[in-house]
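Asks: here's a sequence, model it:
(chains A, B, C and D)
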4 protein chains.
Amino acid sequence: MALYNARKGFNVGLTVGGINLNRGFHVIAGPCSVESAEQINAVAAHLAGKGVRILRGGAYKPRTSPYSFQGLAESGLRFLSDAARANGMISISEVMDAESLPAVAERVDILQVGARNMQNYSLLKKLSQVSKPVLLKRGMSATIEEFLLAAEYVLQGNDRIILCERGVRSFEPLTRNMLDLAGVALLRELSHLPIIVDLSHSTGRTDIVTPLAQACVALGAEGIMVEVHPNPSAALSDADQALSFDDADCMLEAIEPWVELRTRLEAQRERSEGRARSTSTIVTAASSGAQRAR
Amino acid sequence: MALYNARKGFNVGLTVGGINLNRGFHVIAGPCSVESAEQINAVAAHLAGKGVRILRGGAYKPRTSPYSFQGLAESGLRFLSDAARANGMISISEVMDAESLPAVAERVDILQVGARNMQNYSLLKKLSQVSKPVLLKRGMSATIEEFLLAAEYVLQGNDRIILCERGVRSFEPLTRNMLDLAGVALLRELSHLPIIVDLSHSTGRTDIVTPLAQACVALGAEGIMVEVHPNPSAALSDADQALSFDDADCMLEAIEPWVELRTRLEAQRERSEGRARSTSTIVTAASSGAQRAR
Amino acid sequence: MALYNARKGFNVGLTVGGINLNRGFHVIAGPCSVESAEQINAVAAHLAGKGVRILRGGAYKPRTSPYSFQGLAESGLRFLSDAARANGMISISEVMDAESLPAVAERVDILQVGARNMQNYSLLKKLSQVSKPVLLKRGMSATIEEFLLAAEYVLQGNDRIILCERGVRSFEPLTRNMLDLAGVALLRELSHLPIIVDLSHSTGRTDIVTPLAQACVALGAEGIMVEVHPNPSAALSDADQALSFDDADCMLEAIEPWVELRTRLEAQRERSEGRARSTSTIVTAASSGAQRAR
Amino acid sequence: MALYNARKGFNVGLTVGGINLNRGFHVIAGPCSVESAEQINAVAAHLAGKGVRILRGGAYKPRTSPYSFQGLAESGLRFLSDAARANGMISISEVMDAESLPAVAERVDILQVGARNMQNYSLLKKLSQVSKPVLLKRGMSATIEEFLLAAEYVLQGNDRIILCERGVRSFEPLTRNMLDLAGVALLRELSHLPIIVDLSHSTGRTDIVTPLAQACVALGAEGIMVEVHPNPSAALSDADQALSFDDADCMLEAIEPWVELRTRLEAQRERSEGRARSTSTIVTAASSGAQRAR
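Replies: So this is what the prediction gives:
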């Protein structure tokens, strides 16, 4: 495997909107699709009140069938970014092609590349030339090496990349995809890039999100992504996997003691490694979360 | 499954450059990448001499790594189309994005969408607006339904689509992908679209291409695609799977009696169905191959 | 890969009940489960009338759930072997464990090892000590190498082994398993063992059996296995995939010209290789089918 | 899915040798194969000194090739059980067939069924009649439902079953199998059976065992299984995945604070649910570990 820019130890942190994604445990939440200003505002207000700082919402939707809801496009982007700003959050949304890239890059803070486009190299090359960070989802059946090499396309010019594991295709009918947490552990060994785990697309269920979120904390992932909707059963896309506000609250409360433990352990490790003195000021400024240390 | 335009019985034939792809058995052959005018001319001259009428060759290459050979781009297209024309063949090459689409559409006769872009819906929508036929490869782990729904994006405006099975990702290390010939049989049940089987990308080997080509004839596929290179071991991409001229000749000779049998059986069936009289003139004009009849 | 006994060229033919399985194209057919003497007799009489010479039928059934029909056991074996003998056929049935092995080996001509037991090495070792031929099904997700190495366990003492491809587990919901015909082609390259393709368990459907059976002929497989039931919708197991008598007749008729072509081509090849004279007497005696020649 | 005995809430705890496997977090460790009395004694002494209470070691080995080391058989069982007893541990070893079942059941405390035998129903039926607990490994590509239905075979007569996730077959070359931790979370939703995660067979690596072990604690699994060898590079089987003593010590130390947190959280939950009073005596007696509470 010939990896260059993505290799472990290459850089020291990815900061966006004052949030250092290489430190602490980050929750990215919001609806699958932005459906209206009211919907995204309600989600943003609720999540911000619970300490969530990154708001997701699809405006351009890659749908398997041309006859499915395709998203609100530019008005969706506007609703999303307005809701994020009004609630002190940063925003993330998917970019599907070169044409809509300027519109998305203007409005949102993190540009998401979906699983279906992980090997859309023309799009990746465009993203290597923008100044916004990119969250790259793992392809539907991409190997770890292919995933890192896709990141490498963006890294040719843009070093702010976040990897996102979202499960791979498998034979198991009870989950939408097969979540590859060993792959996450391996990506942390091979690369310095922060890694987010999408628990909604991977499982396609809501009943196992909380234990898996706890596992992601303990595993060392930089964060999770989950879908949250004011009224999941009425969602225009992926209704089965959206958490209600109550579900989301339970999950956020459940992971708290695990995040605290990780923060404490990482602080201990830093102190014992004698590096505490030189980095502590930066850490305080950049994030109240845990240190990524290995 | 809500399939509309792709459903079986919807149309009656896809003709390109005087070749009816819904009738007979078609061989698409040529190098993985166009490497030089000399290379593609040598391949074209050899294959045309053996009766092959469709020349393939990549000019824009989707490569897993940004550090691999990326293709000759526009000059590759020119070399390909010149070689095809000089040898009385039609040409096919991959289009990777909206930007290069005009250049590819101007030069080649069939626009190929690679497996990595099967769900690049922005590109598919563009292709629904062009006047050239499109060969759509099955995604790396796409289901049959997802494959047909991707075709449906193109069918919104362009009904000249050819499906191409190229194997799906699996656990088996001895073949590059797992060739899904039952999927080909199923696609022929569900859809009217012609289906080509890529034996090079699916197997990644040369030693089993001939028996599988025979199987494709007997199965009812509209044709096969194979990689042929003047000097496989020196190929700039996918060297392991390219047939030498000798390999290609053996394969073409081996399938001949099977194609003859199929042609004879289909002619019999047409006669016995009393349709022989009304279509025979067209058939003779359009193709010396077999009838697709089901 | 360290293969010893299974390697290509090692032996010259597997004959059972006067049928040489290394020559010609063989159809193994019958119900998934033997349900009654009447049922198996009806199937045997019908199939024998169409030229089928090998009768299948499960007496001991490996069922995913302990609450499903488990087979008629010894009386099932008796019904099967009586029906086969009465119709001039040979019989095949599954053996699930060492305990029932003597009963199965006493009654039937070919002992089948199911996919779930492909790596039940204790059972394989027992089978290396019996005098009956063994049909070994590929495991649910076994690689080609693992499949050949499982055969190797039997080959330690029993060289009459038939391999049976029956599809591997995949993500595709429209077929029960993914039929790996490239794997069949590869097995023929790597090994001398005859290879049967189970079209019922692999596809789980009846509508694509005929084109796939034709493909198996052209590919060079030694035969196919299909499930046939007098009244498929009333079958006690695997009702969706059983062919009716009419379905079976259509399929048998459809493959006939393809088998004839193969027989003719193989005879030509033998003559041109100058081996015709030395083997023709044996061939005539052993089988009226095609020569396996590569 | 028709699950009967395995359904959630059916029983209250599986105790073996004074260890309640439904409470706390358990580490099962030891070499892949028992190679000598010295080897297994060294491992047992080391692990017991670190608080590990369950010793694993293979005596009958299911090997893909008949030419690989097949285990020490009965003397291996004796070495294992002697080493366990001498160090105050309980033992677990694989049973491969009905013949060796009495020998294994006489010597070891927990009978392991390997992935290759998950659907060896004859063996499962035998195990439903023994008085020892059974650890059932998930088949190489078994669905969650098939896994639970296999357990159901044993549950017909033996309710002491432990499930063991060990990864499923996938396309990813960097890990031996794909560890399905979402499947573990789901099994905990569907069933009351304790679940152990085999981190050695699933990953086939040693470098990601520690973060994954932490994830298993946070996820709620009842424990992990790992291979430990005094000199991994000299192991007679699966050398790549065995932890050295140092590796094992690091892992055991790393999970300690996570296990403590889980124990504390579960105790809190029990108290808040007002159930503390009625169960606390039993808990203290049965295990110093955490409560399994949901």
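
Asks: leaving out sequence neighbours, find the closest residue to residue A:91.
Replies: With C-beta to C-beta, 6 or more residues apart in numbering or on different chains as the measure, residue A:84 is the residue that lies nearest to residue A:91, at 3.8 Å, once sequence neighbours are left out. Heads up, the C-betas are built off the backbone N, CA and C, glycines and all.

Asks: what about that neighbour, how many residues nearby?
Replies: For residue A:84, the count of nearby residues is 28 (other C-beta atoms under 10 Å in any protein chain shown).

Asks: which residues touch it?
Replies: Residue A:84 makes contact with A:44, A:55, A:90-91, A:108-109, according to C-beta atoms under 8 Å, 6 or more residues apart in numbering or on different chains.

Asks: nearest to chain B among those residues?
Replies: Using C-beta to the nearest C-beta, residue A:108 is the member of those that lies nearest chain B, at 17.7 Å.

Asks: correct me, but that closest one touches residue A:94?
Replies: No - contact status for residue A:108 versus residue A:94: not in contact, 9.3 Å apart, counting by C-beta atoms under 8 Å.

Asks: what touches both of those two?
Replies: Taking C-beta under 8 Å, 6+ apart as the contact criterion, no residue touches both residue A:108 and residue A:94.

Asks: make sure I have this right: the residue nearest to residue A:91 is in a strand.
Replies: No - residue assignment for residue A:84, taken from DSSP: H, G, I helix; E, B strand; the rest coil, gives helix, which places it outside any strand.

Asks: so it versus residue B:171, what's the distance?
Replies: Residue A:84 is 42 Å from residue B:171, where distance means C-beta to C-beta, to the nearest Å.

Asks: can you check residue A:55 too?
Replies: Here the criterion is C-beta to C-beta. By it, residue A:55 lies 39 Å from residue B:171.

Asks: got it, and residue A:22?
Replies: Here the criterion is C-beta to C-beta. By it, residue A:22 lies 34 Å from residue B:171.

Asks: and what of residue A:104?
Replies: With distances taken as C-beta to C-beta, residue A:104 is found 37 Å from residue B:171.

Asks: which residues of chain A fall in helices?
Replies: If you assign secondary structure with DSSP state H, the helices in chain A sit at A:37-49, A:74-86, A:101-107, A:121-127, A:144-155, A:181-190, A:199-203, A:209-219, A:245-272, A:276-286.

Asks: which parts of stretch A:59-79 are buried?
Replies: Neighbour-count burial for stretch A:59-79, with 16 or more other C-beta atoms under 10 Å in any protein chain shown as criterion, is recorded at A:59-66, A:70-72, A:76-79.

Asks: so how far is that stretch off the chain centroid?
Replies: Once both centres are worked out by C-alpha atoms, centre = their mean, to the nearest Å, stretch A:59-79 turns out to sit 19 Å from its chain's centre.

Asks: just send the contacts of residue A:84 back as CSV, with pLDDT and neighbour count too.
Replies: Output for those, formatted as CSV (pLDDT from 0 to 100; neighbours: other C-beta atoms under 10 Å in any protein chain shown):
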residue, pLDDT, neighbour count
A:44, 98, 28
A:55, 98, 29
A:90, 97, 19
A:91, 98, 24
A:108, 97, 24
A:109, 97, 20
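
Asks: among those residues, which lie within strands?
Replies: When DSSP state E is applied, the contacts of residue A:84 are split such that A:55, A:90-91 fall in strands.

Asks: any chance of those in a markdown table, plus distance to residue D:51?
Replies: Below are those laid out as a markdown table (distance: C-beta to C-beta, whole Å):
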| residue | distance to residue D:51 |
| --- | --- |
| A:55 | 45 |
| A:90 | 45 |
| A:91 | 48 |
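
Asks: and which of the contacts of residue A:84 is nearest to residue A:139?
Replies: Using C-beta to C-beta, residue A:108 is the member of these that sits closest to residue A:139, with 22.0 Å.

Asks: tell me the residues of the stretch 51-200 of chain A that contact chain C?
Replies: Taking C-beta under 8 Å from any C-beta of the partner chain as the test, the list of the stretch 51-200 of chain A residues beside chain C reads A:169-171.

Asks: mean pLDDT for the helices of chain A: which is lowest?
Replies: Mean pLDDT across those is lowest at helix A:276-286; the value there is a mean of 40.

Asks: so how far is chain C from the closest residue to residue A:37 other than its chain neighbours?
Replies: Leaving aside its chain neighbours, residue A:37 sits nearest to residue A:79 (4.5 Å; criterion: C-beta to C-beta, 6+ apart). With distances defined as C-beta to the nearest C-beta, to the nearest Å, the gap from residue A:79 to chain C amounts to 35 Å.

Asks: hang on, isn't residue A:79 packed against residue A:36?
Replies: Yes - using C-beta under 8 Å, residue A:79 is in contact with residue A:36, at 7.0 Å.

Asks: so, in contact with chain B or not, stretch A:193-200?
Replies: No - counting by C-beta under 8 Å from any C-beta, no contacts exist between stretch A:193-200 and chain B, the nearest distance being 15.6 Å.

Asks: pull out the buried positions in that stretch.
Replies: Neighbour counts using 16+ other C-beta under 10 Å place A:193-200 of stretch A:193-200 among the buried residues.

Asks: can the residues you listed go into a markdown table with extra columns for distance to residue D:50?
Replies: Conversion of these to a markdown table gives the following (distance: C-beta to C-beta, whole Å):
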| residue | distance to residue D:50 |
| --- | --- |
| A:193 | 34 |
| A:194 | 33 |
| A:195 | 31 |
| A:196 | 34 |
| A:197 | 31 |
| A:198 | 36 |
| A:199 | 33 |
| A:200 | 39 |
